[in-house]
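# Please find the sequence and the predicted model below.
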2 protein chains.
Amino acid sequence: MAKNNQVTQITSMEQDFAQWYTDVCTKAELVDYSGVKGLFILRPYGYAIWENIMGVLDRKFKETGHENVSMPMLIPESLLQKEKDHVEGFAPECAWVTMGGNEELPERLCVRPTSETLFCDHWKNVLHSWRDLPMLYNQWCSVMRWEKTTRPFLRGREFLWQEGHTLHATEQEAREETLRMLEIYADCCENYLAMPVIRGNKTEKEKFAGAVNTYTIECMMHDHKALQSGTSHYFGDGFARAFGITFQDKTNQAAYPHQTSWGLSTRTIGGLIMTHGDDRGLVLPPRVAPTQVIVLPIAAHKPGVTEAAEKIVERLKAAGIRVKGDFSDNSPGWKYSEYEMKGVPLRLEIGPRDLENNQAVAVRRDNQEKTFLSLDELESTVPALLETVQQALFDKAKANLDSHIWPAATVEEVKEKAMDGFVKTMWCGDTACEEKMKELAGVSSRCIPFQQEKLGDVCPCCGRPAKKMVIWGIAY
Amino acid sequence: MAKNNQVTQITSMEQDFAQWYTDVCTKAELVDYSGVKGLFILRPYGYAIWENIMGVLDRKFKETGHENVSMPMLIPESLLQKEKDHVEGFAPECAWVTMGGNEELPERLCVRPTSETLFCDHWKNVLHSWRDLPMLYNQWCSVMRWEKTTRPFLRGREFLWQEGHTLHATEQEAREETLRMLEIYADCCENYLAMPVIRGNKTEKEKFAGAVNTYTIECMMHDHKALQSGTSHYFGDGFARAFGITFQDKTNQAAYPHQTSWGLSTRTIGGLIMTHGDDRGLVLPPRVAPTQVIVLPIAAHKPGVTEAAEKIVERLKAAGIRVKGDFSDNSPGWKYSEYEMKGVPLRLEIGPRDLENNQAVAVRRDNQEKTFLSLDELESTVPALLETVQQALFDKAKANLDSHIWPAATVEEVKEKAMDGFVKTMWCGDTACEEKMKELAGVSSRCIPFQQEKLGDVCPCCGRPAKKMVIWGIAY
């Protein structure tokens, strides 16, 4: 029996944004909940988005000389403890393996929350000479952080990510690497995920446990909250000293290498949902959409319609487009809502009338706009339309970001504006003021943006001379 | 300072095959040992081989309609226990997470040794109608089995693999799937890894915990021992019943689906090493070699040599070949042994004399054969030579296999021949006789091959009428 015309119901964004988000995650068949809180199942459609993101990044990593490796998933407690700041940051949320088979382990092992310590332990063995540098490594894996509150993609006790780890002979090289990788993340977000970013430094308070500097890209969601979408860390030689990693430099002296790490996770899929989605469900940018075009025959029983639709699928596939046809006996109404829910960027319909007119009807997911496309030129018009959708999604998100960053000169102003977007203020640089801002205005510092502005002379918290402009926000 | 001419020393195969194997794993920079026994680090060169194997299989999986997913890495103990045979097989070697942060967990969670139970738990939620079938899923991940003895690639407490899991409306469909995937593994082994396989059924004793049937591909290593290189399981509806997975069939009746799973792991890299390697180190089949061709300038300081070598690298890269040039100031002797150790299939040398003669010298890794190649035709001659090497490796391995399978009619004969290869005998089908063969002849049943022969009428263990021919061997 065909599925009926009933539209899948989801909560509206207006009514309850958090519930809308969860509804989209499950109704678009991106995730399922497992029996363990915070451990999510990425269903085929959700994982296919991640595969496309991986494809983009992996290519860029390799183009910039990085090699993939695989580190163990377990870290001995003693190894995790070698770098003091690092263990303080991560130990409280580790999951611990204490039994192997029926035997208690002599030392408990944590499921990696991140792998700096493992890379360092390996490098200690294999780094000898300046000739071995730089070491430019990456791994695709999942990591575990035993969080209290969890949400699909945004905060999981386990999540998929890549973690890059590199060693360099000099500070300058390592710092260049840190920024190079941030730029790759920014490019991936802006040009593939259609999510405009703000690039900046994290404050001392917000930086990664054990890092000298943490750089970040911050995105604004539809509800004007912030999502940290990728971070890149410069470690100096702190880990190298803690782990005893040295190399013989060109003058035959033992030296400590400089280190970086950088990560981007399935969180970005949460970002995609909350940046582009609407009350009909998911809206996917064509460049990362698992299915870019869905082809639907209308009145499929009429002579020639099914064949024409099949032909379109075949032609678009040959043109390198990720296309599917739905030839099931489900009603058109059911199909419309199904592929809208799944955020397929473009729907192509073809019925008897279209066949007569040698055309197909293209309907954009992002704005429901209809276009009639001649059947003769689909190989060029469809990709062009997909690029138009890609750009339109970016432009809309950029407009949302640009129109919701507010300058403020007092803590009260920050508090008021923060309900409606990011707030930028001057700042003295003191962590005490950052904490005061959190306490009084309910915002965290998102970053010290690379693009600085001079909004005033003093810190709104303490009135002392300001050093930097900071962007504040309410973050996921 | 340039690295000197000293050849990296490894143990010879003749002297100590096990030590030779370990030497190749580390000296070819495939793996490093981590601080936890049985957890290995796949270094860039080792992981790059796995990436190539993943590339081959992932394409074939997708061509046959499979979709990738990501399941959690932890399984609640109660979930693992739902299928009786399954838990008996795996529980003794599980690693258990018992603490999350500072809190003891209410139920301990095992790090997945395999994910049948997780897939079943998910399917119970998402399977409704025959329209949802088949479900053709795969995941790339690592799994954990707390083994007593461990060796790089061959037996790790953690190893990388893919695990396919599928659900079907009928037994016939599921059985077809099981064999389809076995055939994909056989194709990957034979046509990419150049490892000839024997396809067959596992006996009741050797089958996967919880399976109705397990199919296997078995390979012969250089030392004539067996390596199980991929398995595919038909589960019937046993798991479906244990987990309560049903669907509405076309007649609106509730029915249990039929299930399969199939896996291939980084073990196959151990197989590559032990099938093709020699006393100079690794020998890689071109189709999965991370670097297919290494280009070396000879007397690089002479005019035009370096430029010519660079040009060759550029041209071969453009022709789609995985090529690298080594322009370091290490000695040619050092470079020869370095790339021989790493098993690069083809070395191209170009010196002043070659330049005069408009040629390069090609040296095959597998047999040291030299060929002079005109510089005008490298785009066609190099790929052809790589294919020749690929075929030669397969032929050599096939000859090794074919010349080391011995028929036997008595247990004593099996014991004697087993030191020198696989042994085939008739068998009554009784597990008691299989166990007797293990005890008296030191061999395990590798498989009941699809290609049966009639070697006699009776079982060599009990003298009762024989039902099948079995292949026995000493296995890794």
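That came through fine.
# out of everything not next to it in sequence, what's closest to A:Cys25?
Once flanking residues are discounted, A:Cys25 sits nearest to A:Pro152: 4.4 Å by Cβ to Cβ, 6 or more residues apart in numbering or on different chains. Every residue, glycine included, has its C-beta placed from N, CA and C.
# so how far is chain B from that neighbour?
Distance, A:Pro152 to chain B, using Cβ to the nearest Cβ, to the nearest Å: 12 Å.
# is it true that that residue touches A:Val31?
Yes: the pair A:Pro152 / A:Val31 is scored as a contact, 4.6 Å apart, by Cβ atoms under 8 Å.
# The two: which is more packed in?
Legend: neighbour count by other Cβ atoms under 10 Å in any protein chain shown for A:Pro152 and A:Val31, higher for A:Pro152 (25 against 22).
# residue contacts, that one?
Each residue near A:Pro152 by Cβ atoms under 8 Å, 6 or more residues apart in numbering or on different chains is listed here: A:22, A:25-26, A:30-31, A:40, A:270.
# Pull out the buried positions in stretch A:368-375.
The neighbour-count check on stretch A:368-375 (16 or more other Cβ atoms under 10 Å in any protein chain shown) flags A:373, A:375 as buried.
# Residues contacting it, please?
Under Cβ under 8 Å, 6+ apart, the answer for stretch A:368-375 is A:308, A:312, A:348, A:357-364, A:381-382, A:385.
# sec struct for the spatially most central residue of chain A, please.
Central residue of chain A (Cα atoms, centre = their mean): A:Thr268, 1.9 Å from the mean position. Secondary structure assignment for A:Thr268 (DSSP: H, G, I helix; E, B strand; the rest coil): helix.
# Repeat that for A:Leu57.
Following three-state DSSP, we place A:Leu57 in the helix state.
# Pull up the gap between it and chain B, please.
14 Å.
# who in the stretch 201-350 of chain A is up against chain B?
A:Ser328 (Cβ under 8 Å from any Cβ of the partner chain).
# Domain map for chain A?
With domains defined by automatic domain parsing, chain A comprises A:17-276, A:291-386, A:405-473.
# Let's have those domains in TSV, adding mean pLDDT and distance to B:Asp376.
What follows is the domains of chain A, written out as TSV (pLDDT from 0 to 100; distance: least, Cβ to Cβ, whole Å):
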stretch	mean pLDDT	distance to B:Asp376
domain A:17-276	97	30
domain A:291-386	97	33
domain A:405-473	97	51
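# Of these, flag the one that's most buried.
Among the domains of chain A, domain A:17-276 has the highest mean neighbour count (mean count of other Cβ atoms under 10 Å in any protein chain shown), at a mean of 20.
# Endpoint to endpoint, that domain covers what distance?
One end of domain A:17-276 sits 13 Å from the other (Cα to Cα, to the nearest Å).
# ok, now stretch A:448-456?
One end of stretch A:448-456 sits 15 Å from the other (Cα to Cα).
# do the same with stretch A:399-411
Stretch A:399-411: ends 26 Å apart by Cα to Cα.
# How about stretch A:212-226?
OK, stretch A:212-226 end separation, Cα to Cα: 23 Å.
# roughly how far out does that stretch sit from the chain middle?
10 Å (Cα atoms, centre = their mean, to the nearest Å).
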